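A.B. asks: build the 3D model from these lines:
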Amino acid sequence: MERLREPPPPPPPDPAEELLKEWPELGAFGVDWVRKWLVLRERLIEIAKTLRRFPWMVDMIIQWPMSILHPYTVEVYVAKDGSEACLSLTSSKAYCAKNGSAR
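C.D. replies: Okay, here's the model as predicted:
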């Protein structure tokens with residue numbers, strides 16, 4: 001009598017894919033970027049929370065793709081009342097929105 005073989009166990013989940021499921025906003029930077037900087041998971045989550053709060057920033061990142069930049073070069077400035085926010089991906093350029101209108 002022949003023994004039935006059990007299928008091999010599924011491969012472990014990809015940590016980058018798992019993070020992207022939880023924080024899809026990070027997909028604006030690309031899977032490779034998330035995978036490269038996964039060691040800075042908490043910083044990536046900080047960035048994702050901001051992108052979730054200001055969805056126009058996701059559009060800016062997609063529209064102006066950057067080479068793989070370090071997560072600590074991504075800067076966000078928000079007015080205390082939240083009426084104005086700026087996203088800086090490089091030292092020379094910032095994208096801002098006032099009352100939800102990007103400029």
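
A.B. asks: any idea which element Tyr77 lies in?
C.D. replies: Assigned by DSSP states H and E, Tyr77 belongs to strand 75-78.

A.B. asks: can you check Val34 too?
C.D. replies: Assessed by DSSP H and E, Val34 sits inside helix 31-36.

A.B. asks: and the helix or strand just after that helix, C-alpha only, in PDB?
C.D. replies: From helix 31-36 onward toward the C-terminus, using DSSP H and E, the following helix or strand is helix 41-53. The C-alpha trace of helix 41-53 is given here as PDB (Å, rounded to 0.1, in the frame of the first residue of the first chain):
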ATOM      1  CA  ARG A  41       9.400  48.900   9.700                       C
ATOM      2  CA  GLU A  42       8.300  51.400  12.300                       C
ATOM      3  CA  ARG A  43       9.400  54.300  10.100                       C
ATOM      4  CA  LEU A  44       7.500  52.900   7.200                       C
ATOM      5  CA  ILE A  45       4.400  52.600   9.300                       C
ATOM      6  CA  GLU A  46       4.800  56.300  10.300                       C
ATOM      7  CA  ILE A  47       5.000  57.200   6.700                       C
ATOM      8  CA  ALA A  48       2.000  55.100   5.800                       C
ATOM      9  CA  LYS A  49      -0.100  56.700   8.600                       C
ATOM     10  CA  THR A  50       0.700  60.100   7.200                       C
ATOM     11  CA  LEU A  51      -0.100  59.000   3.600                       C
ATOM     12  CA  ARG A  52      -3.400  57.600   4.800                       C
ATOM     13  CA  ARG A  53      -4.200  60.900   6.500                       C
END
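
A.B. asks: just the buried positions in helix 41-53, please.
C.D. replies: Neighbour-count burial for helix 41-53, counted by 16 or more other Cβ atoms under 10 Å, picks out 44, 47-48, 50-51. Any C-beta I mention is one placed from the backbone N, CA and C, and that applies to glycine too.
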